[in-house]
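Participant: Okay, here's the prediction I keep looking at, along with the sequence it came from:
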Amino acid sequence: MPYPVASPEHIAAFAEHGYLVVRQALPAEELDRIEAHCDLLLADKERLANDWAWDRSESKEQRSFRIVQSSPTLVWPDIAAQPYRAWLASFASALMSREMAFWYDQFLGKPPGKSAPTYWHQDEGYWGGNLFDRGITGWIPLQDVDTVNGCMHFIDGGHRDGVLTHRLVEGVQSDLLVCEVGEGRAVACPMARGDVAFHHSKTPHMSNANTGPAWRKAVTNHLQAAGTGGSGDHYPWRVKVNQATGERTVPGGSHDPGMMGGMGGMGGPQR
């Protein structure tokens, strides 16, 4: 099937709401390839993934992997040449009215029955001021999603509210962040397999815990304005973690001895 082209209506809706769900954007065979590589990550999660909602009461060896966090890039050498990557950049460029370049991706797996929510946050809260109005994310669910198994929720028009103050989530050993939002504008976005959700880097969003009977699997794809150079100019709440060593650092490489805890993360926002 042909990939959809961003229409004037798509562009206008994204500009107004700060997010857009593109229905049946990706063909089943491409989703099958993506999912097959993500399943390799799940099968070897102790070696290839982090628990991005690591419970502070659990040791490294006892992590329950409430949110499996990894990247298909680790097990897919030619992922950069896949057609969906080129489509994401093209569609995102139209929505942002500037050239957008692929930056990085992440696999997020929420296990049935024992996962955690991904709390309200903005991508720019993780990335810092260097990405101010220069980022967009394309979220690809690998199965149908709804409020039972962890679909995306957005704050309608929240990309106009500026960067909100974030804080670390209490009781979590990773660098999971949360911000306060006006939930009166929250919109839940159930999606079918094949749909793709785009959101602006300032749009607050979250996904609920998976209380369904099967894994909720998704790949989040982050794009930045061409030539931006990645994250930087970080906000004071930003912390980076390393689950292999248990060390926390503040961006820029300085060690934060007061925030150790056998934890880690791959950096950047998750769903």
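Facilitator: All right, it came through fine.

Participant: Show the average pLDDT along the strand or helix carrying V187.
Facilitator: Following DSSP states H and E, one finds V187 within strand 186-189. Averaging pLDDT along strand 186-189 gives 98.

Participant: Now the element after the lengthiest helix in the chain, going C-ward?
Facilitator: Longest helix in the chain, counting residues (DSSP state H): helix 28-43. Following helix 28-43 in sequence order, the next helix or strand is helix 45-48 (DSSP H and E).

Participant: That next one packs against which elements?
Facilitator: Secondary-structure packing of helix 45-48 (3 or more Cβ pairs under 8 Å, 6 or more residues apart in numbering; DSSP states H and E): strand 68-70. Quick note: C-beta positions are derived from backbone N, CA and C, even for glycine.

Participant: let's see 10 Å
Facilitator: helix 28-43, strand 68-70, strand 100-110 (3 or more Cβ pairs under 10 Å, 6 or more residues apart in numbering; DSSP states H and E).

Participant: Report the buried residues of it.
Facilitator: 45, 48 (16 or more other Cβ atoms under 10 Å).

Participant: starting at the chain centroid, how far to stretch 130-141?
Facilitator: 9 Å (Cα atoms, centre = their mean, to the nearest Å).

Participant: no no, stretch 90-110
Facilitator: 11 Å.

Participant: Could I get the CA-only coordinates of that stretch as CSV?
Facilitator: Provided in CSV are the C-alpha atoms of stretch 90-110 (Å, rounded to 0.1, in the frame of the first residue of the first chain):
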residue,chain,number,x,y,z
SER,A,90,9.0,13.1,5.0
PHE,A,91,5.7,13.3,6.9
ALA,A,92,7.2,15.0,9.9
SER,A,93,8.9,17.6,7.7
ALA,A,94,5.5,18.5,6.3
LEU,A,95,3.9,18.8,9.7
MET,A,96,6.8,20.9,11.1
SER,A,97,7.1,23.0,8.0
ARG,A,98,10.9,22.5,8.0
GLU,A,99,13.3,19.7,7.2
MET,A,100,13.3,17.0,9.9
ALA,A,101,16.0,14.3,10.2
PHE,A,102,15.7,11.0,12.0
TRP,A,103,17.4,11.1,15.4
TYR,A,104,16.9,7.9,17.4
ASP,A,105,14.3,5.3,18.1
GLN,A,106,13.3,3.3,21.2
PHE,A,107,11.3,0.1,21.8
LEU,A,108,8.9,0.2,24.7
GLY,A,109,7.3,-3.0,25.9
LYS,A,110,4.7,-3.0,28.7
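
Participant: Pull out the buried positions in that stretch.
Facilitator: 91-96, 100, 102-103, 105-110.

Participant: For Q224, which three-state class applies?
Facilitator: Secondary structure assignment for Q224 (DSSP: H, G, I helix; E, B strand; the rest coil): strand.

Participant: is it true that it touches S93?
Facilitator: No: between Q224 and S93 there is no contact under Cβ atoms under 10 Å: 11.3 Å.
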